[in-house]
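sequence first, then the predicted structure, then my questions.
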Amino acid sequence: MTRYEAALDVASLTAIDMHVHIEVSHDGHASLPDDLGEAASRYFSTDGPRPDLDSVAAHYRERRMAAVVFTVDAETNLGHPPLSSAEIAEGAARNNDVLIPFGSVDPHRPTAVDDIWRLVEESGVRGFKFHPTVQGFDPSEERWHPLYEAIQDAGVPALFHTGQTGIGAGLPGGRGLRLALSNPMLLDPVAALFPELQIIMAHPSVPWQDEALSVATHKHNTWIDLSGWSPKYFPTELVRYANTILKDRVLFGSDFPMLTPDRWLDDAAMTALKPERMPAILKGNAIRLLGLE
């Protein structure tokens, strides 16, 4: 297996998209069970094809963008085999001019810490993605500390879904998925106890936007990515903070394929995000966070 090594021409990139899902493997296996995938499509009003990794790379190469790509391993909670993070990293190695792989581990799996180190050392992943609601875990609980310690020691960031999710939306009981597990305030103790761990709170954290802004203002090892919502729906306070006190820790993300980078950029141009802040949001902050300088 080829280990990922970045070959990005950072100066030529127009943006780095920090939030891109790989939803289908090379052999057609989906990252989510059919009912959850269909519910998410209805929620986002999209029924387009789910591109494989090489197609994602081509999409971003055409736009002179780089993309952080990942899946979510939630096998214990969903009973559905995940995509392979190692295979995603290998695919990113084939496309290392535009793709940056993050890994995913199921926190409930006894081998989770070993899996983290294997993905870092053997596959070269540059971070880890967690989705507390889908994976069914409270990220503030002490039993997950060995995972955070390993990621901190590896020197890579951890990206957590926060806020509302379209996964399970509209299904009976939301298919048992609990939104409260993705309250960003649950990440505050993680940031406090692991001060060298860089934590990315993904998405406008509706309905807990103020909590996310509070955590990010107080804990400078936390970041916010702006994925998953059209910018025209961003809460006013989020835009204000992105323009001011959090301008160095806010990141562009789309949530592709559910939301495209093209739509994100078009809609951002109609918001109060200041033009002079956009270079850092689109690329500069990510370069610093990912050590691409």
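Perfect, thanks for sending it. Numbering: from 1, shown residues only.

surely Val10 touches Leu290?
No - the pair Val10 and Leu290 does not pass the contact test of C-beta atoms under 8 Å, sitting 9.7 Å apart. For every residue, glycine as well, the C-beta is placed using N, CA and C.

just the pLDDT at Val120, thanks.
What the model reports for Val120 is a pLDDT of 98.

quick one on the thing from earlier: what about Val10 and Leu290, which has more around it?
The residue with more neighbours, out of Val10 and Leu290, is Leu290; 22 against 15, by other C-beta atoms under 10 Å.

that one - nearest residue in space that isn't next to it in sequence?
Nearest non-adjacent residue to Leu290, counting by C-beta to C-beta, 6 or more residues apart in numbering: Arg126, 6.1 Å away.

and the one you found, its phi and psi?
phi -110, psi 10 (degrees, to the nearest 10).

tell me the contacts of it?
4, 6, 68, 100-102, 156, 290 (C-beta atoms under 8 Å, 6 or more residues apart in numbering).

quick one: buried residues of stretch 206-225?
Under the neighbour-count criterion of 16 or more other C-beta atoms under 10 Å, stretch 206-225 has 206, 208-209, 211-213, 215-216, 219, 221-225 buried.

neighbouring contacts of the lowest-mean-pLDDT helix or strand in the chain?
Lowest on mean pLDDT, DSSP states H and E among the helices and strands of the chain sits helix 34-44, with a mean of 75. Residues outside helix 34-44 that contact it (C-beta under 8 Å, 6+ apart): 23, 30-32, 47, 50, 78, 166-171, 175, 258-259.

and the residues you listed, which of them are in helices?
In helices, judged by DSSP state H, the following of the contacts of helix 34-44 are found: Leu78.

lowest pLDDT pick from the contacts of helix 34-44?
Asp47 (62).

ok, the spatially closest residue to Arg178 that is not a sequence neighbour - contacts?
For Arg178, ignoring the flanking residues on the chain, the nearest one in space by C-beta to C-beta, 6+ apart is Thr133 at 6.1 Å. Residues near Thr133 by C-beta under 8 Å, 6+ apart: 161, 165, 167-168, 177-179, 181-182.

one more time with 7 Å
161, 165, 177-179, 181-182 (C-beta atoms under 7 Å, 6 or more residues apart in numbering).

buried ones among those?
Buried among the contacts of Thr133 (16+ other C-beta under 10 Å): 161, 165, 177, 179, 181-182.

in the helix or strand just after the least confident helix or strand of the chain, which residues are buried?
As assigned by DSSP states H and E, the chain's next helix or strand after helix 34-44 is helix 53-62. Neighbour counts using 16+ other C-beta under 10 Å place 53, 56-57, 59-60 of helix 53-62 among the buried residues.

mean confidence score for helix 53-62?
On average, helix 53-62 scores 98.

what helices or strands is it leaning on?
Using 3 or more C-beta pairs under 7 Å, 6 or more residues apart in numbering; DSSP states H and E, the elements in contact with helix 53-62 are strand 65-70, helix 85-94.
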